[in-house]
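Engineer: Turn this into a model:
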Amino acid sequence: MKPVCVLGNGQLGRMLRQAGEPLGIAVFPVGLDAEPEAVPYQQSVITAEIERWPETPLTKELARHNAFINRDIFPRLADRFPQKSLFDTLKLSTAPWALLESATQWPELFATLGDFLIVKRRTGGYDGRGQWRVRPGDEAHLPAEIYGECIVEQGIAFDAEVSVIGARNQSGESVFYPITHNLHQEGILRTSVAFPKAINSQQQQAQSMLSAVMDELDYIGVMAMECFVVGDKLLINEIAPRVHNSGHWTQNGASISQFELHLRAILNLPMPSPEVDSPAVMVNLIGTDVNLDWLELPLVHLHWYEKEVRPARKVGHLNLSHSDCAKLTFTLDSLTHLLPNEYKSGIDWAKAKLDWYSHQ
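Structural biologist: Residues are numbered from 1 along each chain as shown. Here you go, the predicted model:
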């Protein structure tokens, strides 16, 4: 099988490499500052763990590579303006929005979008960075340089946040994981919960929306779509043309992980629909030192990124999966005592989700 070069050498590239090893697929995560002659890209399939990158000797060389999968899609989706425009073109529901070009727009924006608005940088903002919550009067304190660089959205009073992860191959066939329920705090994903056999109206709605995007772009590989739940309707928040944090539970909770599924798709290998038989929970480790006592709990799988621990930095995650929700809940209770106090609310949220599921 052809080797795979991943543009970007963070934790997503690392986990793609790990997923390739059992299949005999050599995966090379590549730093953006690498010299082209040091990278075995000539006979490789190229993918990326990031949506945008600076112009370097390596990225200029890869831009000419005819096996760079989705090469022209990455920059289009890295910018929220063409991404939102794509949703509108496909008539997919999203929060009402506008391009923010001038401070003179604010009276009209408040009149048309409401009194609670979210300003987001068109590129580069993630995990809550590059975003501002704006009510009337707050606009006077925004940095002057954001105009022309941002979009503005109506603030949505959503009931919940979910994501769906799917993959599409070169033949245009797509498969999906069950919807993932997500809890964000201060813009950062803290906890995810997924359940098996989630074929319901919400699942069908999510799959239809993500299929429309992937088919329109002729996309190949794994794509994630984050949504707000408002009543019985989904509003797309954003999409990511890559493996995604909210799909990390698939490493231990599905028959095929999102990382293996992505490799299968871009290498045109068989791509059956992944089986999910048990509820699964993922706890993001953010700015927290490793604690080997976590491994005393038999349901806990530790994925540590070997990164320097800094505040607000994702340094690893914990996966748990079991068919018995009571055993999952017991393990989460035990885990609460082995983590800093700021994790308690996210674990309590996951336990409430499991309790809801066990009573269905």
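Engineer: can you map out the strands along the stretch 251-360 of the chain?
Structural biologist: Counting by DSSP state E, counting those that start in this stretch, the stretch 251-360 of the chain has strands at residues 280-286, 301-304, 314-321.
Engineer: Save these as a markdown table, and put in mean pLDDT too.
Structural biologist: Output for those, formatted as a markdown table (pLDDT from 0 to 100):
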| stretch | mean pLDDT |
| --- | --- |
| strand 280-286 | 98 |
| strand 301-304 | 98 |
| strand 314-321 | 98 |
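Engineer: Quick check: which of the ones you listed is nearest to Met225?
Structural biologist: When the strands of the stretch 251-360 of the chain are ranked by distance to Met225, counting by C-beta to C-beta, first place goes to strand 280-286 at 17.3 Å. Placement of C-beta: from N, CA and C, glycine included.
Engineer: Which of the residues in the closest one are classified as buried?
Structural biologist: Neighbour counts over strand 280-286 (16 or more other C-beta atoms under 10 Å) mark 280-286 as buried.
Engineer: Stretch 32-49: which residues count as buried?
Structural biologist: Those would be 34, 39, 41, 44-49, for stretch 32-49 by 16+ other C-beta under 10 Å.
Engineer: low pLDDT regions in this protein?
Structural biologist: 125-128, 198-199 (pLDDT under 70).
Engineer: Go through it and flag its longest helix.
Structural biologist: helix 201-217 (DSSP state H).
Engineer: can you tell me how far Met225 sits from Gln205?
Structural biologist: 11 Å (C-beta to C-beta, to the nearest Å).
Engineer: no no, Lys353
Structural biologist: 19 Å.
Engineer: Neighbour count: those two, which is higher?
Structural biologist: When Lys353 and Gln205 are compared for neighbours, Lys353 comes out ahead with 21 against 17, by other C-beta atoms under 10 Å.
Engineer: show me what contacts the closest residue in space to the more buried one that isn't next to it in sequence?
Structural biologist: Nearest non-adjacent residue to Lys353, counting by C-beta to C-beta, 6 or more residues apart in numbering: Val193, 4.4 Å away. Contacts for Val193 (C-beta atoms under 8 Å, 6 or more residues apart in numbering) come out as 180-181, 249, 279-282, 350, 353-354.
Engineer: and the helix or strand in which Val193 is found with strand 280-286, angle?
Structural biologist: Element membership for Val193, per DSSP states H and E: strand 188-194. Counting by axes from the mean of the first three to the mean of the last three C-alpha atoms, to 10 degrees, strand 188-194 points 170 degrees away from the direction of strand 280-286.
Engineer: Export only the CA atoms of strand 188-194, formatted as PDB.
Structural biologist: This file holds the C-alpha atoms of strand 188-194, laid out as PDB (Å, rounded to 0.1, in the frame of the first residue of the first chain):
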ATOM      1  CA  ILE A 188     -13.200  24.000  24.300                       C
ATOM      2  CA  LEU A 189     -14.700  20.500  23.900                       C
ATOM      3  CA  ARG A 190     -14.600  18.900  27.400                       C
ATOM      4  CA  THR A 191     -16.600  15.700  27.100                       C
ATOM      5  CA  SER A 192     -18.300  13.600  24.400                       C
ATOM      6  CA  VAL A 193     -20.800  10.800  24.700                       C
ATOM      7  CA  ALA A 194     -22.000   8.500  21.900                       C
END
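Engineer: Sheet partners, orientation included, of it?
Structural biologist: Sheet partners assigned to strand 188-194 using DSSP bridges are listed as strand 180-185 (antiparallel), strand 280-286 (antiparallel).
Engineer: Looking at those, which is nearest to Glu55?
Structural biologist: Here strand 280-286 is closest among these (C-beta to C-beta), at 31.1 Å.
Engineer: And for the closest one, what's in contact with it?
Structural biologist: Outside strand 280-286, the residues touching it (C-beta under 8 Å, 6+ apart) are 188-194, 245-246, 248-250, 252-254, 304, 312-321, 328, 332, 335, 339, 343, 346-347, 350, 354.
Engineer: try 6 Å this time
Structural biologist: For strand 280-286, contacts defined as C-beta atoms under 6 Å, 6 or more residues apart in numbering pick out 189-194, 248-249, 253, 314-321, 350.
Engineer: Kindly export that strand (C-alpha atoms) in PDB.
Structural biologist: Extracted in PDB, the C-alpha atoms of strand 280-286 (Å, rounded to 0.1, in the frame of the first residue of the first chain):
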ATOM      1  CA  ALA A 280     -18.800   5.500  24.800                       C
ATOM      2  CA  VAL A 281     -17.400   8.500  26.700                       C
ATOM      3  CA  MET A 282     -14.400  10.700  25.900                       C
ATOM      4  CA  VAL A 283     -12.900  13.100  28.400                       C
ATOM      5  CA  ASN A 284     -10.500  15.700  27.000                       C
ATOM      6  CA  LEU A 285      -7.400  16.300  29.100                       C
ATOM      7  CA  ILE A 286      -6.800  20.000  29.000                       C
END
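Engineer: That strand relative to strand 314-321, how many degrees between them?
Structural biologist: Using the same axes, to 10 degrees: strand 280-286 against strand 314-321 is 160 degrees.
Engineer: where does strand 280-286 sit relative to the chain's centre, distance-wise?
Structural biologist: Remark: strand 280-286 is offset 13 Å from the chain centroid, using C-alpha atoms, centre = their mean, to the nearest Å.
Engineer: Tell me where the stretch 51-200 of the chain has helices.
Structural biologist: With helices called from DSSP state H, counting those that start in this stretch, the stretch 51-200 of the chain shows them at 57-62, 73-78, 80-89, 106-113.
Engineer: can you pull the contacts of Arg129?
Structural biologist: Arg129 neighbours (C-beta under 6 Å, 6+ apart): none.
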